[in-house]
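Student: The following comprises the amino acid sequence and a computationally predicted model.
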Amino acid sequence: MVHPVPRAPKRNPLPAAMGSLVVPAASSAPSQLPTVEEVSAGGVVIEMHDGVPKVAIIARINRGGRLEWCLPKGHPEGAETHAEAAVREIEEETGIAGVVLATLGSIDYWFTVSGHRVHKTVHHFLLRATGGYLTIENDPDHEAVDVAWVPLGELAKKLSFPNERRITDLARELLPEHF
């Protein structure tokens, strides 16, 4: 069962990292699980609907089998920057193309799955929607099971994780500068 441990958002993004790195448990402590470092990028893509800022979010089934509503995100591919990965992942998972307006910072958390601990860092960005339509059909990993535009003011009731709600609060603070 997955138990994310939310941490406060970090305002400074970490250096670029790719993929996952498995660090074996120390030989002096055989009971410790190996650790996997994961890096993802995603964020808050906003479109104005009749003067109301709305955010595209996805629903997915987590590793424990529960439905969660969350911000779209995924792993960088090749030499992608975190911002490039965020744009691509948001479009793949929601169908919405966007342009990065600002960095929202990073969050990190730990969970245990399949005999190893995962330390995940997610880099978030604020994006303006530039086109597309809501769909999960282009998600190559088929992780998203639903997608929705949610008014920015209602995200706190919809998003499953407090750390993502804090990221959307940061987006709300930056909104007047960009819209």
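Tutor: Structure received.
Student: Who are the contact partners of the residue nearest to the spatial centre of the chain?
Tutor: Residue closest to the average C-alpha location in the chain (C-alpha atoms, centre = their mean): Lys73, at 3.6 Å. By C-beta atoms under 8 Å, 6 or more residues apart in numbering, Lys73 lies in contact with Ser40, Ala41, Gly42, Gly43, Ala86, Glu89, Glu93, Val122, His124. C-beta coordinates here come from the backbone N, C-alpha and C atoms, glycine included.
Student: got a pLDDT number for the spatially closest residue to it that is not a sequence neighbour?
Tutor: Among residues not flanking Lys73 along the chain, Gly42 sits closest, at 2.6 Å (C-beta to C-beta, 6 or more residues apart in numbering). Looking at Gly42, its pLDDT is 98.
Student: quick one, phi psi at Gly42?
Tutor: When quoted as degrees, to the nearest 10, the phi and psi of Gly42 stand at phi -170, psi -150.
Student: Same question for Ala144.
Tutor: Dihedral angles of Ala144 (phi, psi; degrees, to the nearest 10) stand at phi -80, psi 130.
Student: How about it: which residues does it bridge to?
Tutor: Arg60 (DSSP bridges).
Student: ok, it to Arg66 distance?
Tutor: Ala144 sits 15 Å away from Arg66 when distances are taken as C-beta to C-beta, to the nearest Å.
Student: now Glu93
Tutor: 18 Å.
Student: more crowded one of those two?
Tutor: Glu93 (27 against 11; other C-beta atoms under 10 Å).
Student: going on from the stretch of helix or strand that one belongs to, what's the next piece of helix or strand?
Tutor: Here Glu93 sits within helix 82-94, counting by DSSP states H and E. Counting by DSSP H and E, the next helix or strand C-terminal to helix 82-94 is strand 96-113.
Student: Show me the strands in this protein, by range?
Tutor: Secondary structure of the chain (DSSP state E): strands at 21-23, 35-49, 52-61, 67-70, 73-74, 96-113, 116-132, 144-151.
Student: tell me which strands and helices the helix holding Glu93 is in contact with?
Tutor: Applying 3 or more C-beta pairs under 8 Å, 6 or more residues apart in numbering; DSSP states H and E, one finds that helix 82-94 contacts strand 35-49, strand 52-61, strand 73-74, strand 96-113, strand 116-132, strand 144-151.
Student: which residues sit against stretch 168-178?
Tutor: With C-beta under 8 Å, 6+ apart, stretch 168-178 has contacts from 9, 43-44, 46, 53, 55, 71, 101-102, 104-105, 126, 128, 152, 155-156, 159.
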